[in-house]
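Q: The sequence isn't on hand, but the structure is:
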């Protein structure tokens, strides 16, 4: 396993991060514990979750992902062996069962942190992230901003001040953003510098062969400002395994959650077929090449992988041993030029 340092911190993190959004819905508590045990065994020490998980959640199973991780921490006694990241849910997502209102007010942030600490059975959260912005902007199926959210009131300074208080209390250590664009990153960096407030150290955004939009605008900003990319959906919701090219298998993620349509347009199918042919002509599985590609990008701090079975998890972790040749990388760029970023 390779490791790096979470930017502007002393925390050593694995370049593979275990994503956990299936725990509590697609995976039982016992299966979650098995995945955590195996990940630690393989050298992964970076665990990412969120208060809204599991995916496909509702009021009945809300928070069960964090609770499964918490019961593992209590049982294993390995809290000090992991760097633990979680997220607060923002507004505009129809999840009022989490709290109402869903915002980043001091009250909401404080309540969210307290509940996550309780669920995770820990005294501190190493990386606390905003799952998506308070303002309405381009995320989950949209490529750009064409209409400004006039209802949004810029509260970045207040949000950072709240986080400062929680850091002083020892309840969180560092903060990050997720599903953000350059404007949001800029505002958090501006306010932290102007008022000597906590600085964001990470951004969690999609990045894969089907979605390289991070390279447009965000990459230079984050590299120059030392904000580390946690790349999520490196397999495009399983699309880059190739399993959806002939239909949606029962119990697969896109069959289970048909509303997640960002990877299922015609161009995603076309690009995936080309990437699959390229991988197989070079003696690789498509998923192996897709994960190796993300891992090989210098702008990626850590790649988040998740699985519904131990076999999938093992295969995904093994893919990170693959080094793509310059020739394969060149062919990947040709496909990207033909069908750029088909997944918005």
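A: It's in. Bear in mind that the values here come from a model prediction, so they are computed numbers and not experimental data.
Q: got a list of what the spatially most central residue of the chain touches?
A: When CA atoms, centre = their mean is applied to the chain, the residue found nearest the centroid is residue 232 (3.9 Å). By CB atoms under 8 Å, 6 or more residues apart in numbering, the residues touching residue 232 are 19, 204, 205, 206, 207, 304. Every C-beta, even on glycine, is put in place using the N, C-alpha and C of the backbone.
Q: same question, residue 304
A: So residue 304 contacts 17, 18, 19, 48, 204, 230, 231, 232, 233, 234 (CB under 8 Å, 6+ apart).
Q: Okay, and which of the residues you listed map to strands?
A: 17, 18, 19, 48, 204, 230, 231, 232 (DSSP state E).
Q: Columns distance to residue 344 on top of the residues you listed, output as JSON lines?
A: Converted to JSON lines, these look like this (distance: CB to CB, whole Å):
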{"residue": "17", "distance to residue 344": "23"}
{"residue": "18", "distance to residue 344": "26"}
{"residue": "19", "distance to residue 344": "21"}
{"residue": "48", "distance to residue 344": "23"}
{"residue": "204", "distance to residue 344": "17"}
{"residue": "230", "distance to residue 344": "20"}
{"residue": "231", "distance to residue 344": "16"}
{"residue": "232", "distance to residue 344": "15"}
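Q: Which among those count as buried?
A: Buried by 16 or more other CB atoms under 10 Å: 17, 18, 19, 48, 204, 230, 231, 232, out of those.
Q: The fifth one against residue 185, yeah?
A: No. Between residue 204 and residue 185 there is no contact under CB atoms under 8 Å: 11.9 Å.
Q: Which residues are in contact with each of the two?
A: residue 177.
Q: And for residue 172, the neighbour number?
A: 23 (other CB atoms under 10 Å).
Q: show me the contacts for it.
A: 113, 124, 125, 126, 127, 128, 163, 166.
Q: Quick check: the gap between the residue lying farthest from the centre of the chain and residue 275.
A: Relative to the centre of the chain, the most outlying C-alpha is that of residue 281, 30.3 Å out, by CA atoms, centre = their mean. Counting by CB to CB, to the nearest Å, the gap from residue 281 to residue 275 is 11 Å.
Q: before we move on, what about residue 300?
A: Computed as CB to CB, the residue 300 to residue 275 distance reads 18 Å.
Q: returning to what we had before: excluding its backbone neighbours, what's nearest the residue nearest to the centre of the chain?
A: In space, and not counting its chain neighbours, residue 232 is closest to residue 304: 4.5 Å by CB to CB, 6 or more residues apart in numbering.
Q: Surely that neighbour is in a strand?
A: Yes. Judged by DSSP: H, G, I helix; E, B strand; the rest coil, residue 304 forms part of a strand.
Q: where in this structure is pLDDT low?
A: 138-141, 248-261 (pLDDT under 70).
Q: which residues of it fall in strands?
A: Using DSSP E, strands in the chain cover 3-5, 12-14, 16-19, 46-48, 83-88, 125-130, 172-178, 200-206, 228-232, 300-305.
Q: Could you export those as CSV, including distance to residue 268?
A: Shown next, in CSV, are the strands of the chain (distance: least, CB to CB, whole Å):
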stretch, distance to residue 268
strand 3-5, 30
strand 12-14, 29
strand 16-19, 21
strand 46-48, 24
strand 83-88, 26
strand 125-130, 27
strand 172-178, 22
strand 200-206, 13
strand 228-232, 17
strand 300-305, 20
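Q: Among these, which comes closest to residue 61?
A: Taking CB to CB, strand 83-88 is the member of these nearest to residue 61, at 16.3 Å.
Q: how about the nearest residue to residue 273, chain neighbours excluded?
A: residue 245 (6.3 Å).
Q: From residue 147, how far off is the residue lying closest to residue 313 once chain neighbours are set aside?
A: Distances taken as CB to CB, 6+ apart place residue 307 nearest to residue 313, at 4.0 Å, with adjacent residues excluded. In this view, residue 307 and residue 147 are 37 Å apart by CB to CB.
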